[in-house]
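Chemist: Below is the sequence, then the predicted model.
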Amino acid sequence: MTDRMIVPTVAERYKIPNASSKLNKDELLALYRTMFRIRTFELNVEQLFLNKKIPGFVHLYVGEEAVATGMMANLRKDDYITSTHRGHGHAVAKGAEMNRMMAELFGKKTGYCRGKGGSMHIADFSVGMLGANGIVGGGYNIAAGAGMSINVKGTDQVAVCFFGDGASSRGTFHEAMNWAAVYQLPVIFVNENNCYASTTPVEGCVSTDEIADRAEGYGIPGMAVDGNDVTEVYDAAKFMVDRARNGEGPGLLECKTYRIKGHFVGDPERYRTKDEVQKWQSENDPIKRFHEYLAEQGKKWDKDIEKIEKETEEEVQAAVDFAEKSEWPDPEEALEDLFTFSPNEFPPEVK
Ligand SMILES: Cc1ncc(C[n+]2csc(CCOP(=O)(O)OP(=O)(O)O)c2C)c(N)n1
Ligand SMILES: [Mg+2]
C-alpha cells in the first residue's frame, strides 16, 4: 500500500461509528457492484473514444470509484448532488440511466441532452443529479443553493458537492463554504483529491497539509479519509450525511485518491512517471482492495462477485448497443433546448 493510506481508520481517528462493519451481505455487494459498474462503464468509454465512436472530451473516473460509491450509498434518491467534468461515476452511482448516458456520449438523440451536451453536461434531476460541469468549481454554489432550497422547504434532504483538489482553490469554494456554514445548510462538500489538477500536483496549489483543514476556517467539521477504501468513505460519509440530515449543518470531506488514467483520454501524461501510476494501480486499486477486504473478513463471495461482474458487463454492452442503434439528432433541432422559458411560457408539465 502507498504512503497516502491513512492509518488508523477514519472511525478511530475521528471517533465516529464504524458503520460499514454493520453492513450486511447485500449492502456490501451493492458497494462492489456500484464500483464495478463505474469501472466497466469507464473502460468501455475509453475504448469507444479511442475508436472514434465518442466525440469531444472525456475525463475518466477510473481509480476514484470508492468515493462516489461510499458517498452515494448514504444518499436517498431525493438527495441532490452536483458533479464535475469527471462526472460519469457520480451519475452512475446516483442512479442515472446508463443507456441515456452512453447515448449522450455518442451524441445521439436518446441521450440525456438529446446528444447536444456530451460528457460534461449529463444531468438527471429525477434522481437528484443536478449536473456535471465543464466549469471547474462550478458546482459549489449550485449545491449551496440546493441546500438553501432544502432549508426553505423544511425537508430532511441533503446536497452533496463533489469537487477536485484543483477546484478547491477556486474562489467559489470559499463563498459556498461560508454561505453553507453561516446558514447551517445541509451540504456536504466532498473533495476528490486525486493528486493532480490536470498537470499540476496538489502540492503546487494547496498550502495546507490537508484540504480538509480548510473546514476549520468556517467552523464546520473537516475529515480526510482514504478515498480508495470504500468502507472509510462510507463511514465518514454516513457521519456527515446523518448530521446534515439532522439539521446540524455542512461538512467537508476530503477523499484521498488517485487518477489512474490521464486527465482526459489522450493525455500524454508528461507530469508523472509510469512507475507512480503502476504503483497506485497494483497496490491501491479500490476495487481490488475491497475484494481483498471481503476475503480477509472471511466473506467467500466469489461466486456472487462473478455474477455481479457478468451482469455488469452485459449491462454496459447493452448501453453501448443502445447508443449505437439510436438516431442522430436532426440538424433542425440544433437551436432547440438552448433557452429556458419565461415563467408565463412554462409548459403545463413544468408548472
Ligand atoms: C474555471 C475553469 N478553469 C480551468 C478549466 C480547465 N480545467 C479543466 S479540468 C482542470 C483541472 C481540474 O483539476 P481538479 O479540480 O483537481 O479535478 P480533476 O481533473 O483532478 O478531477 C482544469 C484546470 C476549467 N474547465 N474551468
Ligand atoms: Mg484533481
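Modeler: Great, that's in hand. Treat the numbers as computed from the prediction; the structure is a model and nothing was measured. Ligands and ions are numbered 1, 2, ... in the order given.

Chemist: Which single residue in this structure comes nearest to ligand 1?
Modeler: G164 (2.2 Å; Cβ to the nearest ligand atom). C-beta here means a position set from N, CA and C on the backbone, and glycine is covered the same way.

Chemist: does that residue really touch C195, like I thought?
Modeler: No. G164 is beyond contact range of C195, at 10.1 Å (criterion: Cβ atoms under 8 Å).

Chemist: which residues touch the residue of the chain closest to ligand 1?
Modeler: 84, 86, 136, 191-194, 197 (Cβ atoms under 8 Å, 6 or more residues apart in numbering).

Chemist: The residues you listed in strands, which ones?
Modeler: Among the contacts of G164, the members found in strands (DSSP state E) are 191-193, 197.

Chemist: Of those residues, which are in range of ligand 1?
Modeler: For ligand 1, the contacts drawn from the ones in strands among the contacts of G164 by Cβ under 6 Å from any ligand atom are A197.

Chemist: Give me the residue at the spatial middle of the chain.
Modeler: Centroid-nearest residue in the chain, with Cα atoms, centre = their mean: H90, separated by 3.3 Å.

Chemist: what secondary structure does that one sit in?
Modeler: Recorded secondary structure, H90: helix (DSSP: H, G, I helix; E, B strand; the rest coil).

Chemist: give the contact list for it.
Modeler: H90 neighbours (Cβ under 8 Å, 6+ apart): 61, 68, 72, 81, 83-84, 129, 132, 162.

Chemist: next one: F57
Modeler: Neighbours of F57 in contact, by Cβ under 8 Å, 6+ apart: 118-120, 264-265.

Chemist: repeat for N133
Modeler: 82-85, 87, 120, 139, 142.

Chemist: Name the member of those with the most neighbours.
Modeler: The most crowded member of those, judged by other Cβ atoms under 10 Å, is T82 (31 neighbours).

Chemist: Kindly provide the distance from that one to G137.
Modeler: Here the criterion is Cβ to Cβ, to the nearest Å. By it, T82 lies 11 Å from G137.

Chemist: With E276 instead?
Modeler: The value you get for E276 to G137, if Cβ to Cβ is used, is 26 Å.

Chemist: Buried residues in stretch 87-107, which are they?
Modeler: 87-94, 96-107 (16 or more other Cβ atoms under 10 Å).

Chemist: Close to ligand 1: what parts of the stretch 51-200 of the chain are there?
Modeler: Residues of the stretch 51-200 of the chain lying near ligand 1 by Cβ under 6 Å from any ligand atom: 85-86, 134-136, 164-167, 194, 196-198.

Chemist: Now a PyMOL select for only the buried ones of these.
Modeler: For the buried members of those, the matching PyMOL selection, counting by 16+ other Cβ under 10 Å, is:
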select buried, resi 85+86+136+164+165+166+167+194+196+197
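
Chemist: Adding distance to E46 and pLDDT, write the contacts of N133 out as a markdown table.
Modeler: What follows is the contacts of N133, written out as a markdown table (distance: Cβ to Cβ, whole Å; pLDDT from 0 to 100):
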| residue | distance to E46 | pLDDT |
| --- | --- | --- |
| T82 | 24 | 98 |
| S83 | 19 | 98 |
| T84 | 18 | 98 |
| H85 | 16 | 98 |
| G87 | 15 | 98 |
| M120 | 16 | 98 |
| G139 | 24 | 98 |
| I142 | 28 | 98 |
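
Chemist: So for the closest residue to ligand 2 within the stretch 251-351 of the chain, what's the nearest residue that isn't a sequence neighbour?
Modeler: Per Cβ to the ion, R259 is where the stretch 251-351 of the chain lies closest to ligand 2, at 6.5 Å. Once flanking residues are discounted, R259 sits nearest to N194: 4.1 Å by Cβ to Cβ, 6 or more residues apart in numbering.

Chemist: That neighbour and ligand 2, how far apart?
Modeler: N194 sits 4 Å away from ligand 2, going by Cβ to the ion, to the nearest Å.

Chemist: other SSEs contacting the helix ranked longest in the chain?
Modeler: Of all segments of type helix in the chain, defined using DSSP state H, the longest is helix 25-50. Counting contacts by 3 or more Cβ pairs under 8 Å, 6 or more residues apart in numbering; DSSP states H and E, helix 25-50 packs against helix 65-72, helix 88-94, helix 98-106, helix 230-245, helix 286-296, helix 302-325.
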